[in-house]
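Asker: build me a model from this:
(chains A and B, ligands or ions: 2)
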Amino acid sequence: MSIQTFIYKYKTLYGSLIILLTWYLLYWFINSPIIPSPFVTIIEFFSLLTDDLLLHILVSLYRIILAVVISLVLGISVGLFLGINDKYDAWISPMIYLLYPVPKIAFLPVLMILFGLGDTSKVMLVTIIIFFQILVTTRDSVKGLSRELFFSIKSLGANKLQVYQHLIIPAVLPKLLTALRISIGTSIAVLFFAENFATTHGIGYFIMDSWTRVDYVQMFAGIIAISLLGLILFKSIDIMENRLCKWIRLEKINE
Amino acid sequence: MITLKRLEMGYGKVNVLKDLNLDIKEQSTCAIIGPSGCGKSTLLYGIAGIMQPSSGQLLIHDQPVKENRKETGVILQHYGLLPWKTVWKNAALGLKLRGVPKQVIEEKVSDVLRKLHIYELRDKYPVQLSGGQRQRVAVARVLAIEPDLLLMDEPFSSLDAIARESLQDLLLNIFNNSKLTIVFVTHNIEEAVFLGQKIVIMDQGSKNISHVLKNDLFGDQTLRNKPDFYRLCTDVRHSLQEKTTSL
Ligand SMILES: Nc1ncnc2c1ncn2[C@@H]1O[C@H](COP(=O)(O)OP(=O)(O)OP(=O)(O)O)[C@@H](O)[C@H]1O
Ligand SMILES: [Mg+2]
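Answerer: Numbering: from 1, shown residues only, chains lettered A, B, ... in the order given. Ligands and ions are numbered 1, 2, ... in the order given. A predicted model of the protein is given here:
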């Protein structure tokens, strides 16, 4: 097997190896406790996993998945509605355009005062971020559908529901997954920040707590955990894409 | 079968068609030809029920055209195939939307795919097909619902000459073996003469029909090799030029 096919087949493994190697080189050159040895860290990671690290990962995962589900439901419904009804879109999109680029993390203090310091405000924050992305993507991809596709499916006898089922939903789906991939990256970063406040659970808390205790090995074990969290989420989106949007891959290869 | 009386159609306040009269008989074919922008697609959209006339009458079997007439099959300029459905699922779509039982769909779709020589492609997606193959799928999808009226907007315009002629032959064959009425828009004079029993020439300035030619040569599969074919093509070309130069 050539290196090329190896890289192609085992992308994740290849990426991990290169990162571990770089990490090891940094550890070796910098030679300071701020960069612990990767091997010590990995051993620490597994022993922490049976302790409480797993719980922290699960809490963060729960917050993100809850936010994803809420924002998918809201974002898709509003996005479809605005995409199809030009009139309401004209009324509402000016506000969306103003709010869309605002870093939503700036609203964390407000959310914490309104919804308490607990889980609700954190989930809300992540929800808002993903919601906007989903909303805008859904709306734009509905608007981008050609008149001809609508005409031809209607002339085949489709009713309103069937137009959604056979035309709108499948057309929006791949773009939705791409939007989700982008916004999940952002939301992990934001959640990390939000978990520094008023909680004793979540991977963000775990990392910052290790830092204040100057336990760099533990801190890096936490960083491994957060990158695994991201990896799991990204891979699940990949799997969904492969399952639901086979045709999109063909289109990309044919280009 | 189709009757247009003093038909007017337009977009917003702009009229594209004005005072248009036309009759199309049942089980005949009609070619619509004319300069770009003269309103051919608009007329076809009207007959398909996709667009409503702004005034006048548009009747099919003496009934005003309503949206989604079940027996009308429409093929639009860019085929309108769904990229996320395989050839098979695209072809089966019309029947599925009508709630036809699975077994019947199975039979009818494999029949029609075989007839159009694309049965082997049934598991491919539209992106994996050539232009001519896509066009066959679009035809298959419409024929699967067994229409009595087939409307096509420049169906073969993006194909090379050979693929186009083989699809024209196929269509003539289908027409001869079924009880179809076909109305199609084209830019191609040879296509109009080969496939049009009636050739309607439209004109931009008057927003109306300028000539209607009756094509007695229609129906001959070997027509393209005959001198008469070229004579009629020349006639059509003259009628087209007459109007564009007088503008
Ligand atoms: N959606 C639309 N809104 C406003 N005007 C339109 C619209 N579609 C077409 N028109 C106008 O109506 C006129 C007729 O258009 P139509 O598409 O029927 O022409 P056509 O004969 O099919 O042209 P072509 O041969 O280029 O396809 C054109 O002048 C065009 O600018
Ligand atoms: Mg047109």
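Asker: and chain B, which residues reach ligand 1?
Answerer: By the rule CB under 6 Å from any ligand atom, the part of chain B lying against ligand 1 is B:11, B:16, B:36-42. C-beta here means a position set from N, CA and C on the backbone, and glycine is covered the same way.
Asker: so of those, which ones are in strands?
Answerer: B:11, B:16 (DSSP state E).
Asker: among the residues of chain B next to ligand 1, name the buried ones.
Answerer: B:16, B:38-42 (16 or more other CB atoms under 10 Å in any protein chain shown).
Asker: which of those lies closest to A:Val126?
Answerer: B:Ser41 (47.6 Å; CB to CB).
Asker: I figured the closest one hits B:Val74, correct?
Answerer: No - the criterion here is CB atoms under 8 Å, and B:Ser41 misses it with B:Val74 at 11.3 Å.
Asker: tally of neighbours for B:Gly219?
Answerer: 14 (other CB atoms under 10 Å in any protein chain shown).
Asker: quick one: contacts for the residue nearest the centre of chain B?
Answerer: Per CA atoms, centre = their mean, the C-alpha nearest to the average position across chain B is that of B:Met152, at 2.2 Å. Going by CB atoms under 8 Å, 6 or more residues apart in numbering or on different chains, B:Met152 touches B:44, B:74-75, B:182-185.
Asker: SS state for it?
Answerer: Secondary structure, DSSP: H, G, I helix; E, B strand; the rest coil: B:Met152 is strand.
Asker: still on that earlier bit, let me have the contacts of B:Met152 in CSV, extended by neighbour count and pLDDT.
Answerer: Shown next, in CSV, are the contacts of B:Met152 (neighbours: other CB atoms under 10 Å in any protein chain shown; pLDDT from 0 to 100):
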residue, neighbour count, pLDDT
B:Leu44, 23, 92
B:Val74, 25, 92
B:Ile75, 24, 92
B:Ile182, 24, 95
B:Val183, 26, 95
B:Phe184, 24, 95
B:Val185, 24, 95
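Asker: among these, which are in helices?
Answerer: B:Leu44 (DSSP state H).
Asker: if we check chain A, which of the contacts of B:Met152 are in contact?
Answerer: Filtering the contacts of B:Met152 for proximity to chain A (criterion: CB under 8 Å from any CB of the partner chain) leaves B:74-75.
Asker: any chance of the contacts of B:Met152 in TSV, plus distance to A:Asn85?
Answerer: Conversion of the contacts of B:Met152 to TSV gives the following (distance: CB to CB, whole Å):
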residue	distance to A:Asn85
B:Leu44	27
B:Val74	25
B:Ile75	29
B:Ile182	37
B:Val183	33
B:Phe184	34
B:Val185	31
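Asker: closest to chain A among the contacts of B:Met152?
Answerer: Proximity of those to chain A (CB to the nearest CB) peaks at B:Val74, which lies at 4.0 Å.
Asker: so who does the closest one touch?
Answerer: A:151-152, A:155, B:44, B:48, B:50, B:142, B:151-152.
Asker: one more: B:Lys25?
Answerer: With CB under 8 Å, 6+ apart, B:Lys25 has these contacts: B:1, B:181.
Asker: B:Ala31 versus that one, what's the distance?
Answerer: B:Lys25 sits 14 Å away from B:Ala31, going by CB to CB, to the nearest Å.
Asker: A:Ser155 too?
Answerer: For A:Ser155, the distance to B:Ala31 - CB to CB - is 20 Å.
Asker: what sits closest to residue 156 if chain neighbours are left out?
Answerer: Assuming you mean chain A. B:Gly94 (4.2 Å; CB to CB, 6 or more residues apart in numbering or on different chains).
Asker: ah, no, chain B please
Answerer: Closest to B:Phe156 by CB to CB, 6+ apart is B:Arg164, at 4.4 Å.
Asker: what's the neighbour count on residue 140?
Answerer: No chain was given, so I picked chain A. With other CB under 10 Å as criterion, A:Asp140 counts 15.
Asker: switch to chain B, that's the one I care about
Answerer: 26.
Asker: what are the buried residues along the host helix or strand of it?
Answerer: Element membership of B:Ala140 [criterion: DSSP states H and E] is helix B:131-143. Residues of helix B:131-143 classed as buried: B:132-143 (neighbour count, 16+ other CB under 10 Å).
Asker: where do the strands of chain B begin and end?
Answerer: Going by DSSP E, chain B shows strands at B:2-11, B:14-24, B:29-33, B:55-60, B:63-64, B:72-75, B:149-153, B:181-186, B:198-203, B:208-214.
Asker: taking the mean pLDDT, what do you get for the fifth one?
Answerer: For strand B:63-64, the mean per-residue pLDDT is 88.
Asker: partners of it in the sheet?
Answerer: As defined by DSSP bridges, the strand partners of strand B:63-64 come to strand B:55-60 (antiparallel).
Asker: just want the angle from the partner strand to strand B:181-186.
Answerer: 130 degrees (axes from the mean of the first three to the mean of the last three CA atoms, to 10 degrees).
Asker: so what's the one residue in the stretch 51-200 of chain A that gets nearest to chain B closest to, chain neighbours aside?
Answerer: Here the stretch 51-200 of chain A gets closest to chain B at one residue, A:Ser152, 2.9 Å apart by CB to the nearest CB. Closest residue to A:Ser152 apart from its sequence neighbours, by CB to CB, 6+ apart: B:Gly80 at 2.9 Å.
Asker: cheers, nothing more for now.
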